[in-house]
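A.B. asks: Okay, here's the prediction I keep looking at, along with the sequence it came from:
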Amino acid sequence: MLSQFKGILLLWLASFLDYCIGDPWGWPHPVKFIGGVIHIAVNCILQRVTSSTGRRLWGVILALSLVFASGVVSWLVVKLAWKVNPWVGGVVEVVMLASCFAGRSLRQAAEEVLQYLPHDLENARSRLSLYVGRDTDKLPLPEIYRAVLETVAENTTDGVTAPLFYALMGLFIPPIGTVPMAMAYKTISTLDSMIGYKREPYQDIGWFSAKLEDYATWIPCRLTVLTVALMSKRPLHSIIKCRQDAIKDPSPNSGWSEGIFAVVLGVQLGGVNFYKGEMKFKPLLGQPYRNIDAQVIRQALGITRYCFLLWLASATVLKLLFPQW
């Protein structure tokens, strides 16, 4: 009987490990290794392939091969660890799962910026530049708060709920398992974050990775929107308002992730950002009923954590009701 609940128990332990420890700086990390492989492979392709068509083709091959390889290798590692010893297998699976969840990392990133606010803007901008792509050197206080909240809102899906979604899918597909599914998604997400840009030199080699991430994140993003809306006092109203703004965003997912947080928290996100001196306008999401401050951002972090726990608790109930799954 215990073996039927092994998977969900290990997910809870992984969640607890991520909450307590996260990703200690300098420790070996599967995603860092994947990022290193992507960096080497991309540079190799860019140096050897000059045609647009060739780079697009190699971009497809790169993405599919790395996603498949990450799933297979993680599956083999977990299987080998369980054969060595059940305790070793459990520890390896928990650590690998925890490395896929970015709950603590997201919280730490936000707190590292917030610790300097509202008085030390120079250090706050410096810390913020480590986590966002926009120019931060001249951001005023309200824009720093907005950037932090947008990072929390977007990464709630990309870094927290989407990896859990795929881990839970693996939980109910025992031949595959939780780790390979979560690791495959993290590979997709890492590919998108590294090469999924619409500018050179990544425009051709990264187009498929960007599209793949859009599709892979679509369902967990909508489920995240639904879950966050259910935490509000008016869930249907929150979803309707979120949709009205989210569809204006060219991204099929980030507008929804940020939009639901904006609506539920009663703030406005989006507006003018600068990237390497170039001005870009993001659609406005929500209404500015409240000013964004540290309290609002910590409330958002709480929503992220409760959303994660609600999904995990729901999967536990399903497993208890249908242990044969």
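C.D. replies: Thanks, I have it.

A.B. asks: Which parts of the stretch 201-325 of the chain are strands?
C.D. replies: Assigned by DSSP state E, counting those that start in this stretch, the stretch 201-325 of the chain shows strands spanning 269-275, 278-285.

A.B. asks: Let me know which of those strands is tucked in deepest.
C.D. replies: With neighbours taken as mean count of other Cβ atoms under 10 Å, the strands of the stretch 201-325 of the chain reach their highest mean count in strand 269-275, at a mean of 16. The C-beta positions use only the backbone N, C-alpha and C, and glycine is treated the same way.

A.B. asks: Give me the contact list for it.
C.D. replies: 133-135, 146, 149-150, 153, 249, 258-259, 261-262, 279-286 (Cβ atoms under 8 Å, 6 or more residues apart in numbering).

A.B. asks: What is the burial count for residue 266?
C.D. replies: For residue 266, the neighbour count with other Cβ atoms under 10 Å is 15.

A.B. asks: which residues touch it?
C.D. replies: Taking Cβ under 8 Å, 6+ apart, we find residue 266 in contact with 286, 287, 289, 290.

A.B. asks: so what's residue 288 closest to, chain neighbours aside?
C.D. replies: Among residues not flanking residue 288 along the chain, residue 268 sits closest, at 4.1 Å (Cβ to Cβ, 6 or more residues apart in numbering).

A.B. asks: pLDDT wise, what is that neighbour at?
C.D. replies: pLDDT recorded at residue 268 is 97.

A.B. asks: Ok, residue 281 next?
C.D. replies: In this model, residue 281 carries a pLDDT of 93.

A.B. asks: Report how many residues lie close to the residue nearest to residue 288.
C.D. replies: Residues near residue 268, counting by other Cβ under 10 Å, number 19.

A.B. asks: Backbone dihedrals for it, both of them.
C.D. replies: Reported as degrees, to the nearest 10, the phi and psi values for residue 268 are phi -120, psi 130.

A.B. asks: mind listing what it touches?
C.D. replies: For residue 268, the contact set (Cβ under 8 Å, 6+ apart) comprises 262, 284, 285, 286, 287, 288.

A.B. asks: before we move on, what SS does the closest residue to residue 209 other than its chain neighbours have?
C.D. replies: Among residues not flanking residue 209 along the chain, residue 191 sits closest, at 3.9 Å (Cβ to Cβ, 6+ apart). With DSSP: H, G, I helix; E, B strand; the rest coil as the basis, residue 191 sits in helix.

A.B. asks: Could you pull up the residues touching residue 191?
C.D. replies: Residue 191 makes contacts with 38, 62, 63, 66, 67, 206, 209, 212, 213, as judged by Cβ under 8 Å, 6+ apart.

A.B. asks: With residue 256 instead?
C.D. replies: Contact analysis of residue 256 by Cβ under 8 Å, 6+ apart lists 221, 222, 225, 242, 243, 246, 249.

A.B. asks: ok, the residue lying closest to it once chain neighbours are set aside - contacts?
C.D. replies: Closest residue in space to residue 256, ignoring its immediate chain neighbours: residue 246 at 4.3 Å, by Cβ to Cβ, 6+ apart. For residue 246, the contact set (Cβ under 8 Å, 6+ apart) comprises 255, 256, 259, 260, 285.

A.B. asks: how about the helices in the chain?
C.D. replies: Counting by DSSP state H, the chain has these helices, from start to end: 6-20, 30-48, 52-84, 86-100, 103-114, 121-128, 141-155, 162-171, 178-195, 207-231, 235-246, 254-265, 294-321.

A.B. asks: The longest one packs against which elements?
C.D. replies: With contacts taken as 3 or more Cβ pairs under 8 Å, 6 or more residues apart in numbering; DSSP states H and E, helix 52-84 sits against helix 30-48, helix 86-100, helix 178-195, helix 207-231.

A.B. asks: Return the most buried member of the ones you listed.
C.D. replies: A comparison of the helices and strands packed on helix 52-84 by mean neighbour count, using mean count of other Cβ under 10 Å, puts helix 178-195 on top with a mean of 25.

A.B. asks: how far is that helix from where the chain is centred?
C.D. replies: Chain-centre distance of helix 178-195: 9 Å, with Cα atoms, centre = their mean, to the nearest Å.

A.B. asks: for the record, mean pLDDT for it?
C.D. replies: Mean predicted confidence for helix 178-195 is 96.

A.B. asks: begin at 805 from here
C.D. replies: Done: numbering now begins at 805, and the last item shifts to helix 982-999.

A.B. asks: unless I'm mixing things up, residue 960 is touching residue 1028, no?
C.D. replies: Yes. Contact criterion Cβ atoms under 8 Å: residue 960 and residue 1028 qualify, at 6.4 Å.

A.B. asks: hey, what's in contact with both of those two?
C.D. replies: Residues touching both residue 960 and residue 1028 (Cβ under 8 Å, 6+ apart): 1061, 1111.

A.B. asks: what's the spacing between residue 980 and residue 868?
C.D. replies: Distance check for residue 980 against residue 868: by Cβ to Cβ, to the nearest Å, it reads 17 Å.
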